[in-house]
Structure formats: structure tokens, C-alpha cells
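**Q** Prediction below, plus the sequence it came from.
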Amino acid sequence: MSLQTTSDPVQDAPKHSRIAAIDILRGIALIAMASYHFTWDLENFGYTAPGLTAFGWWKLYARCIASTFLLLVGISLFLAHGRQIRWPGFWKRFAMVAVSAIAISAVTYVATPDGFIFFGILHEIALASLLGLAFLRLPALLTAIVAAAVIAAPYYLRSEIFDHPALWWVGLSATNPRSNDYVPLFPWFGAVLAGIAVAKLASASGLLARLGTWVPGRWTNPLTFIGRHSLAFYLIHQPVLFGSVWLFSQVMPAPPQDRDAGFLKACQVSCEQQRDTKFCSSYCGCMLDTLKGEGSLERLYSNDQTSIWKSHLADLASTCTAETESKMEGGQQ
């Protein structure tokens, strides 16, 4: 199998046709994404254990969904512009995704300011689509190598230099920022590049041409429809799911959970985005004991957003961080 170069023909589907298999795979990925978000909604309203979707199988499930979706973004970018970049169509799609990403940031900033989506999957798709254009005419092997380097970058290039909020989108911060959907350039651009490389190899082997002639059964029509309207589905599904769970909670509220256990679980989830499990267990215990000792745990659950309360929480966090680090250093001696 020869590698795709700038002079190789792009053997994709005939002009004006779509490859149904790509739409079906995209539809499956979107359904999977909706199932994850629905579980997150159930967790948010107290119908599941706190932190369920941030650990174990659910965490792996979320990453597989995002990786698959971004891989398909790379494949679709090559299918649409592999022969020649169609600038009007590209800029139209780019504008739709970018505007949608900005809208999601604005809405989530109002709804959940402490974890708003400042660079989620739509932000990543917009930027990755723009950067991916530079790889459409490069050899597949080179594109795959760059993809691997991008995916590995967070393991060896993290630095406090990137801790400034203006650089959080890069994904190389020493500590990950809080967000309900954080999909930074590194490592996720690697999935898009991998999609471009896969599409190049499939084109060179004639696989894309063969897929273009495949006619699926009628049972795939719903998946095909969703896959062809992926942006609309993405924007609509979570408000519908969240609203449905909220309505259900008004009729059948979730049973009350042990607040101490809930706090420890939620704290552990948030903490482990930046530190190891052992540190977080000690740190979260310190925070719970301190809040209960001063009688302010109820204020925490009331979602107080005043600057005075936020400053107080920051002071408590700094104190517990110092105490935990001191204990761990003492234990190592």
C-alpha cells in the first residue's frame, strides 16, 4: 500500500455522494454521547452516586466517545476537502461550529459559572478543523507521526507556563482547570489528525471508493439522519435530556443522600483532576472536617456565589493543601 502524497489521486466516493458508513458511525457516536450526558444529568439531580461519570468505566466511555467523534471529524475533513479545499463550504461550516461553541460558553457561564465550558468539544472541532487543513496534502505516515506526538505531548510538555487562563485551551497546564467539558488542543487534536491519516490510507487502498458504493438497510435511517445533522443533534440533545430529568425530579425527587459522603465523593472527583488519590483523600477529609467544625457546610450546599464566601473557601483550600502536603512529606521521612 503506497502512502498518500500531494501527487496521489484521492480515491474517495464519487462527487456529490456521501459515504453512508461515516454518517452511521457518527450517529452511533452521538447516541453514545447522549447516553453519557443522560447519566451525567441523573447524577446531577442525585439519582446516582456522586462522581459516577468521572471514574472507572464511565470515564473511559466518555474518552472513547470523544476520541471516536474527533476521529470522524478528521475523516470527514479529508472527504470534504481532500481533493481541493472548498473554501465557501469550509468557512460556512466553521462559522456554524464556532458560533455554537461561543453560545455554549455563554450559556454555561450563566448556568454553571464554576465549571462553564470555555473550551469543549465544539471549540476543539472548530480549531482542529482549521489546523487540520495544513495536513490534508501531507503523507499519511507523517500525519500519523504528528498525531502520536500530539497525543503524547501532555505527558512530557506540561508546564506552569500554560497555567494562565488565556492558555488553558492548549491543554499543557501543570494543573487542569475546572470545566464540565474540557477538550483542549493537546491531546485531542491528535484524534483529528489520526482521522485524516486513516482517511488517506483508506483512499489510497480504494476502501473509500468501495464504501461509497455500499447501500445500508433501512434500519440505519435514524442513525444516518442523526449523523448528517450532527451539530443540530449535539446542540439540542442535552437541553432536552436535562430538562426531562429536571421535570421528572419535580414529580419524583431523588432520595436524599448522605451529605458527608456526597461531599467527599465530589471533592475527590474534582481534586483528582490535579492530584493523586492519596493526597485527595486526605485533603478532602481536611476540608470536610473544617467546614463541619465551623458550621458552614450548609452554606456550601446553598451554592453561595458571593465573593466573600468564595474567598473564604479559597483560604480553606490553601490551608488544607498545606496541611496535607506537610503530612505526606512527614510520612515520607
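**A** Thanks, I have it.
**Q** Could you list every helix and strand that the helix or strand hosting residue 223 packs against?
**A** Here residue 223 sits within helix 221-228, counting by DSSP states H and E. When contacts are defined as 3 or more Cβ pairs under 8 Å, 6 or more residues apart in numbering; DSSP states H and E, helix 221-228 packs onto helix 20-44. Backbone N, C-alpha and C define where each C-beta goes, glycine included.
**Q** in the helix it packs on, what counts as buried?
**A** 20-34, 36-44 (16 or more other Cβ atoms under 10 Å).
**Q** Also stretch 317-333?
**A** Across stretch 317-333, burial judged by 16+ other Cβ under 10 Å covers 317, 320-321, 324.
**Q** Which members of those residues occur in helices, if any?
**A** The helices, defined by DSSP state H, take in 317, 320-321, 324 from those.
**Q** Quick check: residue 117 touching residue 179?
**A** Yes. Look at residue 117 against residue 179 with Cβ atoms under 8 Å: they come within range, at 5.8 Å.
**Q** still on that earlier bit, the helix holding residue 223 to helix 20-44, inter-axis angle?
**A** Between helix 221-228 and helix 20-44, the angle comes out at 90 degrees (axes from the mean of the first three to the mean of the last three Cα atoms, to 10 degrees).
**Q** On the three-state scheme, residue 273 is what?
**A** Three-state assignment for residue 273 (DSSP: H, G, I helix; E, B strand; the rest coil): coil.
**Q** which ones are touching it?
**A** Applying Cβ atoms under 8 Å, 6 or more residues apart in numbering, one finds that residue 273 lies in contact with 175-176, 178.
**Q** pull the helix or strand with minimum mean pLDDT from the protein.
**A** One helix or strand of the chain scores below all others by mean pLDDT, DSSP states H and E: helix 297-301, with a mean of 76.
**Q** In that helix, which residues are buried?
**A** Those buried within helix 297-301 under the rule 16+ other Cβ under 10 Å are 297, 300.
**Q** contacts for that helix?
**A** With Cβ under 8 Å, 6+ apart as the test, helix 297-301 has contacts from 259, 263, 288, 291, 309, 313.
**Q** Show me how far stretch 190-210 is from its chain's centre.
**A** Relative to its parent chain, stretch 190-210 has a centroid offset of 23 Å by Cα atoms, centre = their mean, to the nearest Å.
**Q** ugh, wrong one, I meant stretch 133-142
**A** Using Cα atoms, centre = their mean, the offset of stretch 133-142 from its chain centre is 25 Å.
**Q** Let's see that stretch as CSV, backbone CA atoms only.
**A** Extracted in CSV, the C-alpha atoms of stretch 133-142 (Å, rounded to 0.1, in the frame of the first residue of the first chain):
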residue,chain,number,x,y,z
LEU,A,133,-6.2,21.8,6.6
ALA,A,134,-2.4,22.0,6.7
PHE,A,135,-2.2,18.2,6.9
LEU,A,136,-4.6,17.3,4.0
ARG,A,137,-1.8,17.2,1.4
LEU,A,138,0.9,15.7,3.6
PRO,A,139,1.8,12.0,3.6
ALA,A,140,-0.3,9.7,5.8
LEU,A,141,2.7,8.4,7.7
LEU,A,142,3.9,12.0,8.6
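**Q** for that stretch, which positions count as buried?
**A** Across stretch 133-142, burial judged by 16+ other Cβ under 10 Å covers 135-140.
**Q** Equivalent analysis for stretch 192-201, please.
**A** The neighbour-count check on stretch 192-201 (16+ other Cβ under 10 Å) flags 192-201 as buried.
**Q** before we move on, what about stretch 75-84?
**A** With burial defined by 16+ other Cβ under 10 Å, the residues of stretch 75-84 counted as buried are 75-82.
**Q** What is the burial count for residue 92?
**A** The number of residues packed near residue 92 is 11, by other Cβ atoms under 10 Å.
**Q** wait, which of the buried residues of stretch 317-333 is closest to residue 57?
**A** Of all the buried residues of stretch 317-333, residue 324 has the smallest distance to residue 57: 28.5 Å, by Cβ to Cβ.
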